[in-house]
Structures are given as structure tokens and as C-alpha cells.
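1. structure, please.
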Amino acid sequence: MNRRLASVCFGVMFVGAWATSDAADWSRFRGPNGSGVSDERGLPDRWSDSENLLWKLELPGSGSSSPITVGDRIFVTCYSGYGVSKSEAGDQAKLERNLVCVNARDGKIEWQKSMKAKLPEERYGGMIAEHGYASSTPASDSERVYVFCGKSGVHAFDLKGKLQWQADVGSGSAMNNWGSGTSVVLHKNLVILNADAESEAIIALDKVTGKEVWRASAKGYKGSWSTPIVVDVGGKQELVVIVPGEVWGLDPSDGGLLWFCEARQGASSSAVTRDGVVYAIAGGPGGSGAIAIRAGGRDDVTKSHVVWQKNVGAYVPSPVLVGNHLCWVDDRGVAYCYDAKTGDEIYRERLPDAGGVYASVVAADGKIFAVTRRRGTFVLGTGKKLEQIAQNKFGSDDTDFNASPAIGKGQLLLRSNRQLYCVGTK
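-> Next comes the predicted model:
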């Protein structure tokens, strides 16, 4: 390890309603532990503006963050006031982030709260114009909703919209001024976020007070937008995050470095885990990589704990584990499937007419859902051959779809730059 990690202690209703099962909440980016996988059944294969659309909501702003669910509520963030038009950015002083609480049964807004931006913010243009100023997905522990706003800090609200606390985590700029993108992770009493763009650190805050509990320096590794995951190893937990060129395992109680593994990859995607093995894919100007690492090691595990490694990956999207398959769709719309145990390639095929992809795939009901930016959502099978079940578009919406879907109670939540859709069998 060349650089040492140091730790320091509006809504339109059509037909149907949100189901009333006891299914688990999708309470963070990519659902339970960021896996992107749900046990839900009965999800539709096909939808459009006139088919299997239960309701849609015009959001009070733009954004790329994913929705989350808490009981009969949906929470989603957006931004307004600045950078909402590519032809004219406007006045940065008017920039606000908004947390929107939506009734999941009818798609109507229950409340929304605005958060003023801490200035100066990154100038609108370039890559910022591709995803905007609300790219981080909130998280909830069913008591509070935690929202990360980059330089404007972390905000905690109760479920009725009352601000509980706000904490600053740095005012630095991301590499190439690309802005924030990593999402909030909750673990026990902690709110954990990868604040690499803002302060070149991974930071843990107390969920009740917002006070900093620990900070792990990531200086020298600038360029990580990876949302951490928690890995169970023999009854103990490790916090795993991807940084440029490496994967780290940290002690979530104090941020101490447990292990690191060298990997030829960038750090915009997030890892997934099963049975103590971490699967990470990434890509970028320096090349692409996919790697499987046994967690639980100490110090440099590059030679001792790598199960397999391949020169394939994705720049922004993250993978899912479906059965014994590790699957993803990369930024160019190429679908990959690898044997999770051996790393053997099962298939690698381009999805026709997919165009670009920002969102990460999710899986449920024997299907993989892959959202493209402008060509709709592909529904794929989970077998050993690529099976395209459907390609579903909302013809009335010509904005980008950058957000990963949320799944809950037999329905699928899809978010475009300006709309929130609830899809389900009528």
C-alpha cells in the first residue's frame, strides 16, 4: 500500500395502490446492504405510460438519486434553483436541495423540506450537468432520514420532516469537479459516508446527535464515489469500500484499517457480498476490473485473499449476485454474467439499443432490471444465456433516467430526472 490509511478516533394517480404486505423496506441505496436484490414476487415484466403504471409524480426538482421506502412512505431527493437547464444554469445562490416524502399508496407528496446550499458549489457544466446536485441516495432507520448534500453536509430529519441535526463533512471539490455521488450507509448507531470528494476521508457520525465519531483519512486516494457495504465475517462486521486502485476493509466501530487489496480499477461503483466474499467491479481511464476477495484478512491481502480477478468491469454501475451468478450492465449497455465462485465468464453481450447506462441493476422475481439513461428499462432473465424479456419505455418522458430502481411490496419504483414512477400489476 503506497499511501497509508490513517484512522482518527407533484402526483397523478392512475390505478392501484401500494400493496400492504410485510415486505422489508428498501431503506438505502440498492436496498438491503446495497445488494440490489429483493425477495419480492409478482413484479411486472412490461410497463409503459398506459400499462402497469400505478401512479407517477412530477418531482419539485431534478436529480439522479434513488428513492427509498420506509413503510408506506417513499423518500427521494432533488435540487432546484440552479443548474436545472443545460442551456442556462442560472444563479448558484438559489441552489437548494429538497427532501420529498411521498405517500406510497397514491403517489402524492406528504411533505418536502428544503436545504440551502453551502457556497461556492461546483459550477454547473461538464459532468455535473449529467447528474446534477442530488445524486446521493438517502437512508433511513425508520426513525430518521439521513440526507447527504456534499459540501452542504449531512441532514437528519424525523419521519414528519422536522430537522434533527446537520453536520458538515468538508468543503473540498471532487476530482475534475465532478461533484458528490456516494450515498449514506447506516450501521448500528452510526451514519457512515464516503466523503472522499469533500474531505478525502470516510466519516462516521452519531445517528442521534450528528457528532463525529471517527474519521478515516483517505488522502492520496482522491476519486472515490463508492458507497460502502457491511460484510459479515465470522460474526464480526467489516466496512468495505472501493478506492482508486484498491479495495479496503475497515473496522466500522472506529474506522481502523483491517486490510487492503490492490485492484486495477476506478472507484465509482459499490461492492456486493455473500458468504464473506466481496465482489467489486469498476472501471475508468486506467482500465476495468472485476475482483472477488475473501474478507477477514489483515494488512495486504493482494496475494492471499483474492479468489479471482478479471479485466472487465463498469465505470459507474454496480453488480448483483443472482444465484451463483455475478451480473451487471456496464455504462455502454453491455451485459455481463460471471460465475461467482470461479470467475468463469458465462456471457458477455451488448443489449441492443441500450445506449448509455448510469443506474445499477437490481434483481427480484427471477428477473434483472437494467435502467438505461434514455432507452428505457431492460428486463432480463437470470439464466446462463442472455434473455431479453422486455424493453419498457415511458414515451412521455424524455429526461434522463440515472437512478437505480427501488423494489417494495410487489412494485418497482423508477425515477427519471423529473418524475417518480410506481410500476406494478394492476
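2. helices of the stretch 101-250 of the chain, start to end?
-> Taking DSSP state H, counting those that start in this stretch to define them, one finds helices in the stretch 101-250 of the chain at 128-131, 196-199.
3. so can I have TSV of those showing distance to Y82?
-> Backbone N, C-alpha and C define where each C-beta goes, glycine included. Shown next, in TSV, are the helices of the stretch 101-250 of the chain (distance: least, CB to CB, whole Å):
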stretch	distance to Y82
helix 128-131	11
helix 196-199	19
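4. for those helices, which one sits closest to F75?
-> helix 128-131 (18.9 Å; CB to CB).
5. picking up where we left off before, so which of the helices of the stretch 101-250 of the chain is nearest T69?
-> Proximity to T69 (CB to CB) singles out helix 128-131 among the helices of the stretch 101-250 of the chain, at 22.2 Å.
6. could you list the low-confidence segments of the stretch 51-200 of the chain?
-> The model of the stretch 51-200 of the chain has no residue with pLDDT under 70.
7. strands along that one, start to end?
-> Taking DSSP state E, counting those that start in this stretch as the test, the strands found in the stretch 51-200 of the chain are 53-58, 68-70, 73-80, 96-103, 109-116, 139-140, 144-148, 154-158, 163-167, 185-187, 190-195.
8. what is the last one packed up against?
-> Spelled out, that is strand 190-195. strand 154-158, strand 185-187, strand 201-206 (3 or more CB pairs under 8 Å, 6 or more residues apart in numbering; DSSP states H and E).
9. can you check the second one too?
-> The contact analysis (3+ CB pairs under 8 Å, 6+ apart) places strand 68-70 against strand 73-80, strand 139-140, strand 406-408.
10. V191: what's it in contact with?
-> Going by CB atoms under 8 Å, 6 or more residues apart in numbering, V191 touches 139, 146, 154, 156, 184-185, 204-207, 210.
11. now the helices of the stretch 101-250 of the chain in a markdown table, with mean neighbour count and distance to W111?
-> Output for those, formatted as a markdown table (neighbours: other CB atoms under 10 Å; distance: least, CB to CB, whole Å):
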| stretch | mean neighbour count | distance to W111 |
| --- | --- | --- |
| helix 128-131 | 18 | 25 |
| helix 196-199 | 24 | 28 |
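12. and the next helix or strand past whichever helix or strand W328 is part of?
-> Using DSSP states H and E, W328 maps to strand 325-329. Counting by DSSP H and E, the next helix or strand C-terminal to strand 325-329 is strand 334-339.
13. out of the contacts of V191, which are buried?
-> By neighbour count, with 16 or more other CB atoms under 10 Å, those hold 139, 146, 154, 156, 184-185, 204-205, 207, 210 as buried.
14. could you check how far E387 is from T372?
-> Relative to T372, E387 is positioned 17 Å away (CB to CB, to the nearest Å).
15. can you check P120 too?
-> Separation of P120 from T372 (CB to CB) stands at 33 Å.
16. check N324 too.
-> According to CB to CB, N324 stands 26 Å off from T372.
17. so these two - more neighbours on which side?
-> Neighbours per residue (other CB atoms under 10 Å) separate N324 from T372, with T372 holding more: 23 against 12.
18. check contacts around the more buried one.
-> Contacts of T372 (CB under 8 Å, 6+ apart): 333, 351, 354-357, 359, 378, 401.
19. picking up where we left off before, how far does the strand holding W328 sit from the chain's center?
-> Its chain's average C-alpha position is 16 Å from that of strand 325-329, according to CA atoms, centre = their mean, to the nearest Å.
20. pull up the pairing partners for it, direction included.
-> Using DSSP bridges, the strands paired with strand 325-329 are strand 320-322 (antiparallel), strand 334-339 (antiparallel).
21. so for P67, which of those sits nearest?
-> Nearest of the strands paired with strand 325-329 (CB to CB): strand 320-322, 18.0 Å.
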